[in-house]
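Student: starting from these lines, generate the structure:
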Amino acid sequence: MNNTRSTLQSLSRSIGATLLAVVALPAMAVDLKTADGSWTFSIDGNVNVDYIWTSCESNTSAAAVDGGLTCTGTNSGSNVSNIGNGLLPAAFVLGVATTQNGIDIAGYLGLYPGIATNDGGSPNLQTNNRNGVSTNTALGTTGLDVRQVYMTFGNKTMGTFTLGRNIGLFGADAILNDMTLPGVGAPGSAASAAPSNTTLGGIGFGYIYTDWLAQIDYTTPDFSGFTVTLGIFDPLNSLTDDNAGYATAPKKAPGFHGKIAYKLAISDTTKLYVSVAGITQKQDYYYTLAVIPAGLPTTYDYTGDGVDIFARLDVQDFEVFGYYYHATGLGTTALFNFGAFGFGDTRGSSGYLAQATYKFGALKVGVQYGESRLDYANSADQVANPSLVANNRKGTLGLYYSLTDNLTLLAEGSDVKSKAQNGGSNTATTINAGAFFKF
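Tutor: Residues are numbered from 1 along each chain as shown. Sure thing, here's the model as predicted:
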């Protein structure tokens with residue numbers, strides 16, 4: 001049970017607050033041009049706040065689920081209330097753009113403050129000086145997450161290069177189309193005594209978090225609706241997959257990712273979008289002590305691979321999408337989280353997310369269901385980790401009302417279940433209501 005709670009809170013802090021805000025889409029809210037029109041400066045962003053109430057699994061009935069994403073109660077009760085950001089923190093995205101010698105050039109800086117009290121450093125991995133435990137106390141402040149800084153250059157003929165820290169490719173379409181993006185979805189650390197800046201939304205319930213990566217990518221020009229993006233990224237170290245006495249070795253090669261996307265305007269009111277993305281990266285470890293015990297390897301390694309497919313259909317006010325991924329060595333919820341066992345034996349994982357929304361004038365109603373699964377690496381893994389998570393599931397019903405063009409009032413209800421390989425399971429229910437202001 002303690003492992004479950006620790007995993008839930010740490011994952012929420014480390015990945016829940018690192019998401020591309022919808023305000024970072026190409027349309028800018030404010031554009032300022034120089035007198036000669038050669039430079040454009042822009043700013044856009046959002047502020048969002050929700051009341052989040054969660055009914056957690058009772059501590060007397062909660063099962064141990066290592067990697068589970070449900071919350072568990074304490075001796076004081078099982079209900080938790082919080083006022084905070086949802087899946088997105090607040091955002092202020094600054095941009096500068098120009099065209100020189102026929103090449104479009106732009107740079108962006110994304111600043112993402114939250115409203116949670118987490119003044120211990122990083123808003124996602126913060127601690128304070130009270131026994132090294134994150135708390136939500138008086139005299140604190142929120143943290144600033146600087147996750148996004150990148151440049152682009154190119155044009156319709158040559159394609160576009162993207163260099164810097166930006167959202168990844170694998171899993172990106174799932175999270176960017178997740179209806180809980182302006183809302184809450186799964187509460188994550190919001191159902192704890194020390195909430196971080198954001199909730200989980202649908203992360204870990206049908207898709208692995210795409211993350212923000214230092215990367216160099218190239219996207220081709222549009223060929224009859226098709227575009228291809230290929231790139232390299234700075235390799236990520238594993239969150240969980242190492243052994244005592246071993247250390248993570250410097251990576252010998254970058255990570256690689258790619259994406260093929262297709263857009264088709266069937267009519268003025270009907271549009272189809274399909275994409276396939278992939279990712280691969282190697283992890284390397286070495287023994288750090290001078291004398292290696294008998295039977296242990298000097299070094300070991302494994303490779304994490306993943307592929308996904310996404311399809312969305314828009315018909316007037318109706319939108320539906322489906323998403324599926326399969327991975328080996330990537331783990332679940334976050335990249336390289338529970339991805340391997342022992343000395344590089346990889347675990348398989350998969351998941352799916354289905355969503356449908358319909359607009360009744362200013363009101364959008366949406367339903368969503370997703371599941372992420374994790375398999376054992378081998379029989380030894382099964383013996384050593386009987387409470388390893390088998391799957392995390394979530395269903396969400398959401399209401400999103402556009403009070404104005406830029407202000408949305410919303411309410412959601414979500415049911416979450418985490419199940420262990422040995423059959424133990426936990427459930428939780430979250431209800432939230434709030435406002436999302438986009439500018």
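
Student: low pLDDT regions in the protein?
Tutor: Counting by pLDDT under 70, the ranges of the chain that qualify are 1-29, 119-135.

Student: any idea how far residue 35 is from the most centrally placed residue in it?
Tutor: The centroid of the chain falls nearest to residue 209 when counting by Cα atoms, centre = their mean (3.4 Å). Here the criterion is Cβ to Cβ, to the nearest Å. By it, residue 209 lies 43 Å from residue 35. From N, CA and C alone the C-beta is placed, and that goes for glycine too.

Student: how about residue 263?
Tutor: On the measure of Cβ to Cβ, residue 263 and residue 35 end up 37 Å apart.

Student: and residue 61, by the same measure?
Tutor: Distance from residue 61 to residue 35, by Cβ to Cβ: 68 Å.

Student: between these two, which is the more surrounded one?
Tutor: The neighbour count for residue 61 versus residue 35, taken as other Cβ atoms under 10 Å, is higher for residue 61 (12 against 6).

Student: hang on, that one in a helix?
Tutor: No: per DSSP: H, G, I helix; E, B strand; the rest coil, residue 61 lies outside any helix segment and is coil.

Student: now it: how far from residue 425?
Tutor: From residue 61 to residue 425 the distance is 10 Å (Cβ to Cβ).

Student: now do the SS call for the residue nearest to the centre of the chain.
Tutor: coil.

Student: residue 334 is in contact with that one, correct?
Tutor: Yes: at 5.0 Å, residue 209 counts as touching residue 334 under the criterion of Cβ atoms under 8 Å.

Student: so what sits opposite residue 228 in the bridge?
Tutor: On the basis of DSSP bridges, residue 228 is bridged to residue 260.

Student: burial of it, as a residue count?
Tutor: The burial count for residue 228: 14, using other Cβ under 10 Å.

Student: and it, what does it touch?
Tutor: Counting by Cβ atoms under 8 Å, 6 or more residues apart in numbering, residue 228 makes contact with 219-220, 258-261.

Student: can you add distance to residue 190 and neighbour count and give those residues back as JSON lines?
Tutor: Below are the contacts of residue 228 laid out as JSON lines (distance: Cβ to Cβ, whole Å; neighbours: other Cβ atoms under 10 Å):
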{"residue": "219", "distance to residue 190": "36", "neighbour count": "18"}
{"residue": "220", "distance to residue 190": "41", "neighbour count": "15"}
{"residue": "258", "distance to residue 190": "34", "neighbour count": "18"}
{"residue": "259", "distance to residue 190": "31", "neighbour count": "23"}
{"residue": "260", "distance to residue 190": "36", "neighbour count": "16"}
{"residue": "261", "distance to residue 190": "33", "neighbour count": "19"}
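
Student: let me have these in CSV, extended by distance to residue 51.
Tutor: Formatted as CSV, the contacts of residue 228 follow (distance: Cβ to Cβ, whole Å):
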residue, distance to residue 51
219, 40
220, 45
258, 41
259, 37
260, 41
261, 37
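
Student: return the closest of these with respect to residue 193.
Tutor: Among these, residue 259 lies closest to residue 193 (Cβ to Cβ), at 39.5 Å.

Student: so what's residue 303 closest to, chain neighbours aside?
Tutor: Closest residue in space to residue 303, ignoring its immediate chain neighbours: residue 282 at 4.8 Å, by Cβ to Cβ, 6 or more residues apart in numbering.

Student: I figured the one you found hits residue 256, correct?
Tutor: No: using Cβ under 8 Å, residue 282 is not in contact with residue 256; the gap is 9.9 Å.

Student: where do the helices sit along the stretch 251-400 of the chain?
Tutor: 379-384 (DSSP state H, counting those that start in this stretch).

Student: can you map out the strands along it?
Tutor: Secondary structure of the stretch 251-400 of the chain (DSSP state E, counting those that start in this stretch): strands at 255-265, 270-287, 299-315, 318-328, 340-341, 345-346, 348-360, 363-374, 389-402.

Student: which of these sits most buried?
Tutor: Comparing the strands of the stretch 251-400 of the chain by mean neighbour count (mean count of other Cβ atoms under 10 Å), strand 340-341 comes out on top with a mean of 24.

Student: which residues are contacting that strand?
Tutor: 238, 241, 283, 302, 329, 331, 346-347, 376-378, 380-381, 384-385.

Student: can you flag the buried ones in these?
Tutor: 238, 241, 283, 302, 329, 331, 346-347, 376-377, 381, 385 (16 or more other Cβ atoms under 10 Å).

Student: circling back: same list, the strands of the stretch 251-400 of the chain, but as CSV with distance to residue 182 please.
Tutor: Shown next, in CSV, are the strands of the stretch 251-400 of the chain (distance: least, Cβ to Cβ, whole Å):
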stretch, distance to residue 182
strand 255-265, 23
strand 270-287, 20
strand 299-315, 17
strand 318-328, 15
strand 340-341, 35
strand 345-346, 36
strand 348-360, 12
strand 363-374, 10
strand 389-402, 7
